[in-house]
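Trainee: below are the sequence and a predicted model for it; my questions follow.
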Amino acid sequence: MTDNGDIINLTEAGALPPVDPGTPDDWGDGQLVDRVGRAIKNLRVSVTDRCNFRCHYCMPEEGLVWLKRDELLSYEEIERLVTIFASMGVEEVRLTGGEPLVRRDLPQLIEKLSRIESLTSLSLTTNGFTLEKMCGELVAAGLQRINVSMDTPVREKFAHITRRDALPEVLAGLEECEKYPELAPIKVNAVAMRDFSEEDVLAFAELARRKPYIVRWIEFMPLDAEGKWDQQDVLTGAELRAIIESRYPLVPVQDNRIATAQRFAFADGTGEVGFINPVSEPFCDTCDRIRMTADGQFRTCLFSRWETDLRAPLRNGASDLEIEHVIRGAVWRKEMKHYVNDPGFQPASRSMSQIGG
Ligand code: SAM
Ligand code: SF4
């Protein structure tokens, strides 16, 4: 317990950020806000640490220790926490993992969350492997938006990077999404890696022109379980954009929302692409995002080295107000920035699939 009564789970001794923890008076009781005034609107909820792929930049081939079933938050527990977050001004919720579609009965969770009226967006990030089969149920349960991860449109390269020969299933999942106009927009996310992604850029641009998909590239981040990330492997958004513009002129799309992606339309009006550049152009100053892991640990930054345990108070009979205080105290200490580009950068306390990307 800290002086403020927060229950803190140190992932590593001394990992708490060296900042003034504030008091409940500082934390306020309206919109969830951190100590520099960033309003928190966007919550990512991981529903599992497991996955049916083994992407090189995320998971090792084998050897990860999975959470046990009773360590995972139940759907009722997730619903309660999301309801509390929503009462503090969180408007957008994205379900992720691991691979969220491997968690049994996911539509049941979506159905529960879709009843929280103040949420303006309920979305899912998936590798798409079982999407063809599940899309209808997900939409019927209330899913509003979807991001499908696909790093290359070339089957052999896809099999290499994910360690699964599954590109046809992912493409079929995307096609299935097109049948549901309620599910919009459909986004395709590709991790951009040097000496891997360059040759696919124009094919992806053409996909974005041919299909109703917004294709976005995200820079490779040091969140891989094997710790192999190297700055040299980061292919920047600016480089990707230059490749596209060598063939197709782009025009910026104005977006007044706090967006992590820089959006561009093709100049002839057909299609849209986006670039998420957390390494080359960090957007920490406007970050409105928080995360909850599948085992109920609350993280205020993707690169956090500390977590706040929400599962323990939840299971120990804490009231909503007590849980709200734990959350507000943690958000107050939200990291100012990630230190990926700084000397002495220390990786996050968990890898991407364990956090929930
Ligand atoms: N399994 C789902 C999927 O792949 O979409 C959801 C979880 S996955 C961790 C979420 C996103 O994180 C995916 O788009 C994935 O490509 C991305 N990701 C994973 N490791 C990454 C890394 N080291 N750098 C950048 N993005 C990464
Ligand atoms: Fe699984 Fe997604 Fe990680 Fe790939 S990026 S291993 S699909 S969790």
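Mentor: Good, I have the coordinates. Numbers count the residues shown, from 1 in each chain. Ligands and ions are numbered 1, 2, ... in the order given.
Trainee: would you mind listing what in this protein touches ligand 1?
Mentor: 51, 57-58, 96-97, 99, 125-127, 149, 189, 191, 218, 220-221, 223-224, 352-353, 357 (CB under 6 Å from any ligand atom). C-beta: built from backbone N, CA, C; applies to glycine.
Trainee: go again with 8 Å.
Mentor: Residues of the chain lying near ligand 1 by CB under 8 Å from any ligand atom: 46, 51, 53, 55, 57-58, 96-100, 125-128, 147-149, 151, 189-191, 218-224, 229, 278, 351-353, 355-357.
Trainee: so which of these are also by ligand 2?
Mentor: 51, 53, 55, 57-58, 97-99, 125, 127, 149, 191, 352-353, 357.
Trainee: just the mean pLDDT for stretch 78-87, thanks.
Mentor: Mean pLDDT, stretch 78-87: 98.
Trainee: typo on my end, it should be stretch 251-262
Mentor: 87.
Trainee: report the contact partners of the closest residue to residue 101 other than its chain neighbours.
Mentor: Nearest residue to residue 101, sequence neighbours excluded (CB to CB, 6 or more residues apart in numbering): residue 130, at 4.9 Å. For residue 130, the contacting residues are 52, 101-102, 169, 173, by CB atoms under 8 Å, 6 or more residues apart in numbering.
Trainee: give me the pLDDT value at whichever residue of the stretch 101-250 of the chain sits closest to ligand 2.
Mentor: The stretch 101-250 of the chain approaches ligand 2 most closely through residue 127 (3.6 Å), counting by CB to the nearest ligand atom. In this model, residue 127 is scored at 98, pLDDT.
Trainee: repeat for the one 10 residues further on
Mentor: The model reports residue 137 with a pLDDT of 98.
Trainee: any idea how far residue 211 is from the residue lying closest to residue 249 once chain neighbours are set aside?
Mentor: Of all residues not flanking residue 249 in the chain, residue 267 sits nearest, at 4.0 Å (CB to CB, 6+ apart). Between residue 267 and residue 211 the distance is 19 Å, computed by CB to CB, to the nearest Å.
Trainee: more neighbours: those two, which one.
Mentor: residue 211 (16 against 11; other CB atoms under 10 Å).
Trainee: so what's that one up against?
Mentor: 174, 178.
Trainee: show me which residues of this protein sit near ligand 2.
Mentor: Within the chain, the positions lying close to ligand 2 (CB under 8 Å from any ligand atom) are 51-55, 57-59, 97-99, 125, 127, 129, 149, 162, 191, 352-353, 357.
Trainee: filter these to the buried ones?
Mentor: Using 16 or more other CB atoms under 10 Å as the burial test, the residues of the chain next to ligand 2 include 51, 53-55, 57-59, 97-99, 125, 127, 129, 149, 162, 191, 352-353, 357 as buried.
Trainee: which of those residues fall within strands?
Mentor: Among those, the ones falling in strands (DSSP state E) are 125, 149, 191.
Trainee: and the strands in the stretch 51-200 of the chain, which stretches?
Mentor: 92-96, 121-126, 145-149, 186-192 (DSSP state E, counting those that start in this stretch).
Trainee: so where's this protein shaky on pLDDT?
Mentor: Residue ranges of the chain with pLDDT under 70: 1-17.
Trainee: contact partners for the closest residue to ligand 1 within it?
Mentor: Residue nearest to ligand 1 within the chain (CB to the nearest ligand atom): residue 357, separated by 2.9 Å. Residue 357 is in contact with 44, 58, 96, 125, 223, 302, counting by CB under 8 Å, 6+ apart.
Trainee: among those residues, which two are most distant?
Mentor: The largest separation in those, counting by CB to CB, is between 44 and 58 at 15.1 Å.
Trainee: list the contacts of residue 318.
Mentor: By CB under 8 Å, 6+ apart, the contact set of residue 318 is residue 326.
Trainee: in a helix, it, correct?
Mentor: No. Secondary structure of residue 318 (DSSP: H, G, I helix; E, B strand; the rest coil): coil, not part of a helix.
Trainee: please report phi then psi for it.
Mentor: phi -60, psi 150 (degrees, to the nearest 10).
Trainee: the closest residue to residue 151 other than its chain neighbours and residue 177: what is the separation?
Mentor: In space, not counting the residues next to it along the chain, residue 151 is nearest to residue 190; the distance is 4.8 Å by CB to CB, 6+ apart. For residue 190, the distance to residue 177 equals 17 Å [CB to CB].
Trainee: check residue 138 too.
Mentor: Separation of residue 138 from residue 177 (CB to CB) stands at 9 Å.
Trainee: shared neighbours, these two?
Mentor: Between them, residue 138 and residue 177 share these contacting residues under CB under 8 Å, 6+ apart: residue 146.
Trainee: and the nearest residue to residue 348 once chain neighbours are set aside, how many residues sit next to it?
Mentor: Counting by CB to CB, 6+ apart, residue 348 lies nearest to residue 303, which is 4.6 Å off, once chain neighbours are set aside. Residue neighbour count, defined by other CB under 10 Å, stands at 21 for residue 303.
Trainee: how about the secondary structure of residue 303?
Mentor: Classification of residue 303 by three-state DSSP places it in coil.
Trainee: next up, the contacts around it.
Mentor: Residue 303 neighbours (CB under 8 Å, 6+ apart): 223, 335, 338-340, 347-348.
Trainee: please apply the same query to residue 352.
Mentor: So residue 352 contacts 57-58, 221, 223-225 (CB under 8 Å, 6+ apart).
Trainee: how about residue 114?
Mentor: Contacts for residue 114 (CB under 8 Å, 6+ apart) come out as 122, 141-143.
Trainee: let's see 7 Å
Mentor: 122, 141-142 (CB atoms under 7 Å, 6 or more residues apart in numbering).
Trainee: all set now, cheers.
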